[in-house]
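1. Give me the fold of what follows.
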Amino acid sequence: MIIEGIEAGTVFCYERTFTLEDVQQFSAISGDEGDHHTVPDEYGKVVVHGFLTATLPTKIGGDFNVVARDFTMKFVRPVFTGDTIRCEVTMHRIEKQEQRYQVSTTYVCMNQDGKEVLKGEVLGFVYS
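-> Next up, the predicted model:
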């Protein structure tokens, strides 16, 4: 089991640069084709969907087979194509239950300038 041996306070990181192709594919899948996601600004960039940005903490949770029960998100500032976002997930609680572990985490995603773009909490389970 991957979750065994992980302690409260452990931080996991993942970093990704979002591309126009990422946004186009997410627009097609989600149906969210607002102009801010499809029409480039004067710099040739579009806004990355908030829920696409939120795939960063879910990627880390997926590495540990976490099934999310509660997932909160606070969108602090927009992410644009070409931005590199670093997500840090902090494990706060790992509680062994009968056939699963309950986990509680917080996460923060920051752009290449060190500014927060997304933050929140995840409560979930890892089944053994």
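
2. Which parts of this protein are helices?
-> Counting by DSSP state H, the chain has helices at residues 20-30, 35-38, 50-53, 55-63.

3. so which of those gets nearest Cys13?
-> Cys13 lies closest to helix 55-63 among those, at 7.9 Å (Cβ to Cβ). All C-beta spots, glycine's among them, are computed from the backbone N, C-alpha and C.

4. hmm, who's touching that closest one?
-> Residues outside helix 55-63 that contact it (Cβ atoms under 8 Å, 6 or more residues apart in numbering): 2, 12-14, 16, 68, 71, 85, 87, 89, 105, 107, 109, 118, 120, 122, 124.

5. the inter-axis angle of it versus helix 20-30?
-> Using axes from the mean of the first three to the mean of the last three Cα atoms, to 10 degrees, one finds that helix 55-63 and helix 20-30 are set 80 degrees apart in direction.

6. Let me see the mean pLDDT of helix 55-63.
-> The average of the pLDDT scores along helix 55-63 is 94.

7. Can you give the distance of it from its chain's centre?
-> Computed by Cα atoms, centre = their mean, to the nearest Å, the chain-centroid distance of helix 55-63 equals 6 Å.

8. go on, stretch 54-70?
-> Relative to its chain's centre, stretch 54-70 lies at 8 Å (Cα atoms, centre = their mean).

9. and what of stretch 113-122?
-> For stretch 113-122, the distance to the chain centre is 9 Å (Cα atoms, centre = their mean).

10. Same check on stretch 8-15?
-> Centroid separation for stretch 8-15 versus its chain: 12 Å, with Cα atoms, centre = their mean.

11. which parts of that stretch are buried?
-> Buried residues in stretch 8-15, counted by 16 or more other Cβ atoms under 10 Å: Phe12, Tyr14.

12. Can you list the residue ranges for strands in the chain?
-> All strands of the chain, identified by DSSP state E, fall at 11-17, 67-71, 74-75, 84-96, 100-110, 116-127.
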